[in-house]
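[1] fold the stuff below for me.
(one chain, ligands or ions: 3)
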Amino acid sequence: MISPVIVVHPLAQIHLTELRRQHTSCGQFRWHLQRLAEILFTEATRSLATAPVRVQTPLVETAGSAFARSVVLVPILRAGLGLQEAILPLVPEATVAHVGIARDEATALPMPYYAKLPAVLKEADVFLLDPMLATGGSACSAVTQLKEAGATRITLICVVSCPQGLQALAAQHPDVTVVTAAVDPGLNERSYIVPGLGDAGDRCFGT
Ligand SMILES: O=P(O)(O)OC[C@H]1O[C@H](OP(=O)(O)OP(=O)(O)O)[C@H](O)[C@@H]1O
Ligand SMILES: O=c1cc[nH]c(=O)[nH]1
Ligand SMILES: [Mg+2]
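    Numbers count the residues shown, from 1 in each chain. Ligands and ions are numbered 1, 2, ... in the order given. All right, here's what the predicted structure looks like:
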């Protein structure tokens with residue numbers, strides 16, 4: 001199993017708790033998801049490569065940092081859009097690539113239905129965004145597509161993960177870093193994470 005980076009910062013866990021709460025409204029769910037996304041992305045970029053630059057302050061010239069490589073955000077549609085909304089303002093020059101995958105409700109198998117993957121993936125720091133890592137089928141399918149398009153540095157940012165999803169990712173894509181706010185105990189008979197937070201896409205978009 002991949003050893004994920006588990007973000008135990010109190011603010012992360014407070015936002016996660018409100019996401020888990022059954023009676024959190026759609027608007028509140030989006031708001032907490034966005035706040036948690038900012039914290040997870042901050043952690044996910046802790047070792048981001050930077051390039052030295054010089055900057056002129058009003059007083060003197062001094063040393064500073066710039067992005068060393070392009071940043072690409074890849075939300076898995078739909079629920080990943082809830083994370084992207086908060087993360088893009090932190091890296092406003094990032095490229096956004098989209099991967100559309102929906103789980104088959106009967107089999108829980110990933111059904112890819114869309115992909116728009118730019119050439120810049122090859123040299124970029126790539127952040128795959130999806131609130132849920134359940135069976136891992138969707139994340140594995142997305143990573144496979146990203147690698148086929150040339151990506152080599154991939155970090156998955158997810159809110160809730162579980163051992164099954166982490167094991168699937170470790171088996172197929174052991175090079176992928178996972179940053180998450182929780183590793184829940186497991187899945188129910190419909191392959192939903194328990195305790196989890198329910199269907200992230202439905203709760204985020206009110207469907
Ligand atoms: O690890 P897995 O077992 O593949 O499950 C996780 C996937 O399921 C959810 O998407 P869903 O299929 O519900 O699509 P949606 O975002 O459009 O609701 C979730 O956002 C992940 O993409
Ligand atoms: O618990 C789960 C599993 C898959 N997709 C979700 O949105 N939630
Ligand atoms: Mg869904």
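[2] so for the lengthiest helix in the chain, what's the average pLDDT?
    Looking across the chain with DSSP state H, the single longest helix is helix 26-44. Average pLDDT, helix 26-44: 98.
[3] mind listing what's buried along the helix or strand just after it?
    Sequence order places strand 50-56 as the next helix or strand after helix 26-44, per DSSP states H and E. By neighbour count with 16 or more other Cβ atoms under 10 Å, strand 50-56 contains no buried residues. C-betas here are computed from N, CA, C, even on glycine.
[4] just checking, what packs against strand 50-56?
    strand 61-67 (3 or more Cβ pairs under 8 Å, 6 or more residues apart in numbering; DSSP states H and E).
[5] contact partners of whatever helix or strand comes next after the strand it packs on?
    Moving toward the C-terminus from strand 61-67, the next helix or strand (DSSP H and E) is strand 71-77. Applying Cβ atoms under 8 Å, 6 or more residues apart in numbering, the external contacts of strand 71-77 come out as 80-81, 83-84, 87-88, 91, 93-101, 114, 118, 120-121, 124-130, 138-139, 142, 146, 151.
[6] at 7 Å what do you get?
    81, 83-84, 87-88, 91, 94-101, 114, 120-121, 124-130, 138, 142, 146 (Cβ atoms under 7 Å, 6 or more residues apart in numbering).
[7] pairing partners for it, with directions?
    Strand partners for strand 71-77, identified by DSSP bridges, are recorded as strand 95-96 (parallel), strand 98-103 (parallel), strand 125-129 (parallel).
[8] return the most buried member of these.
    With neighbours taken as mean count of other Cβ atoms under 10 Å, those reach their highest mean count in strand 125-129, at a mean of 27.
[9] only the buried residues of the helix or strand just after that one, if you could.
    Going down the chain from strand 125-129, the next helix or strand is helix 137-148, by DSSP H and E. By neighbour count on 16+ other Cβ under 10 Å, the buried set for helix 137-148 is G137, S138, A139, C140, S141, A142, V143, Q145, L146, K147.
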